[in-house]
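# show me the folded form of this:
(one chain, ligands or ions: 1)
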Amino acid sequence: MATHHKTLKLLAYSPDSSDVDSQLTRHQAGLKQLAAVLISGRGSNMAALVAASRDPAYPVEFALTLSNRAQAPGLALAASLGVPTAVVEHRKFDGDRAAHEAAIDAALVAAGIQIVCFAGYMRLLTPFLIERWAGRMLNIHPSLLPAFPGLDTHARALAAGVRLHGCTVHLVTQTMDEGPILAQAAVPVLPGDTAETLAARVLAQEHVIYPLALRLFASRQAGIVPPDHAALLNPLPPEAARHNPLPPGAALP
Ligand code: GRF
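Numbers count the residues shown, from 1 in each chain. I've put the predicted structure just below:
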């Protein structure tokens, strides 16, 4: 991993009750809101978010990529995209989750962060961080929630024999992979799919819906989907059309 990351100095944690006010003020002043992406690995969703934020009209700017793993490849990717990086290694906290999260929170506050985007961050959160950033934390999950929360979603979707799989952007709440849904995209499960081919098809849609959901959320246009409603953006990939016997616009039987 490259050693030239701009690493943020961690300041002491100082709760700032004006966080929400400052988000609103920046929004009203037409300034971009400052966001962080939290990663543990590859960082392809982080890169998709950063790419979208290059549009002057996009309401969010990425001021930080933070990882709990120093060797996460996404850190070098973020640095190559000009996004400041920080590492708060959970290993150094000897299992003290509260202290680890306080250090993460301090890094977010020090960078002036207003919105937190989880993208492949592989640590369970405690109520502290979730409460502290309630309503301002988004996550992307590789399934059509509420189906397949947790890990190994693609293999589990194949084993269950589903015909439709996908991804979900949701707000983070106390129960893992269960917050209010902001956007979903569906992809077909095709004959001969492996967990890898299915994951790749889903990932392409993750890179579409995460920037879209964040844009809608930050510009206050996101509708939160009630749990009993579907919210499919459904940007089907071209190969899906070949498996659809109906001509475009045909009424369903
Ligand atoms: C994505 O599939 C995301 O949905 C899941 O972890 C993966 C992270 O991939 N939470 P990347 O690091 O964004 O490439």
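# what sits closest to residue 197 if chain neighbours are left out?
residue 190 (7.6 Å; C-beta to C-beta, 6 or more residues apart in numbering). Every residue, glycine included, has its C-beta placed from N, CA and C.
# now that neighbour: how far from residue 154?
Look at residue 190 and residue 154: by C-beta to C-beta, to the nearest Å, they are 13 Å apart.
# the two: which is more packed in?
residue 154 (23 against 15; other C-beta atoms under 10 Å).
# what's the first helix or strand after the helix or strand hosting the more buried one?
Using DSSP states H and E, residue 154 maps to helix 153-160. Next helix or strand after helix 153-160 toward the C-terminus (DSSP H and E): strand 164-171.
# give me the distance from stretch 41-58 to the chain's centre.
Here the centre of stretch 41-58 is set off from its chain's centre by 11 Å, with C-alpha atoms, centre = their mean, to the nearest Å.
# same question, stretch 200-219
8 Å.
# the residue in the stretch 101-250 of the chain that the ligand sits nearest to: how many residues sit nearby?
Per C-beta to the nearest ligand atom, residue 120 is where the stretch 101-250 of the chain lies closest to the ligand, at 2.7 Å. By the criterion of other C-beta under 10 Å, residue 120 has 21 neighbours.
# that's a strand at it, yeah?
No. Counting by DSSP: H, G, I helix; E, B strand; the rest coil, residue 120 is not found in a strand; it is coil.
# which residues are in contact with it?
With contact taken as C-beta atoms under 8 Å, 6 or more residues apart in numbering, residue 120 is in contact with 39-43, 45, 74.
# so which of those are in helices?
45, 74 (DSSP state H).
# just for the stretch 151-253 of the chain, where's the confidence low?
221-253 (pLDDT under 70).
# residues of it that sit close to the ligand?
In this structure, the stretch 151-253 of the chain approaches the ligand at residues 167, 203, 206, judged by C-beta under 6 Å from any ligand atom.
# how much space between the residue nearest to residue 45 when sequence neighbours are not counted and residue 165?
If the residues on either side of it in the chain are set aside, residue 45 comes closest to residue 119, at 3.8 Å by C-beta to C-beta, 6+ apart. Shown here: residue 119 relative to residue 165, a distance of 19 Å by C-beta to C-beta.
# equivalent analysis for residue 131, please.
32 Å.
# between those two, tell me which one has more neighbours.
Taking neighbours as other C-beta under 10 Å, residue 131 and residue 165 compare with residue 165 leading, 26 against 11.
# correct me, but that one touches residue 187?
Yes. Using C-beta atoms under 8 Å, residue 165 is in contact with residue 187, at 5.9 Å.
# how about the helix ranked longest in the chain: buried residues?
Determined from DSSP H, the single longest helix within the chain is helix 195-218. In terms of neighbour count (16 or more other C-beta atoms under 10 Å), helix 195-218 has its buried residues at 198-199, 201-218.
# on that earlier part again, neighbour-wise, which of the contacts of residue 120 leads?
residue 39 (28 neighbours).
# name the nearest residue to it, sequence neighbours excluded.
Residue 39's closest residue in space is residue 74 (C-beta to C-beta, 6+ apart), at 4.3 Å.
# shared neighbours of residue 165 and residue 187, anything?
Joint contacts of residue 165 and residue 187 (C-beta under 8 Å, 6+ apart) are 198, 202.
# how about the CA coordinates for the helix or strand hosting residue 49, as CSV?
Residue 49 is part of helix 44-53 when elements are defined by DSSP H and E. The C-alpha coordinates for helix 44-53 follow below in CSV (Å, rounded to 0.1, in the frame of the first residue of the first chain):
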residue,chain,number,x,y,z
SER,A,44,-15.2,0.5,-5.7
ASN,A,45,-18.4,2.0,-4.3
MET,A,46,-16.3,4.8,-2.7
ALA,A,47,-14.7,5.5,-6.1
ALA,A,48,-18.2,5.6,-7.7
LEU,A,49,-19.4,8.1,-5.1
VAL,A,50,-16.3,10.3,-5.6
ALA,A,51,-16.7,10.2,-9.4
ALA,A,52,-20.3,11.3,-9.1
SER,A,53,-19.3,14.1,-6.7
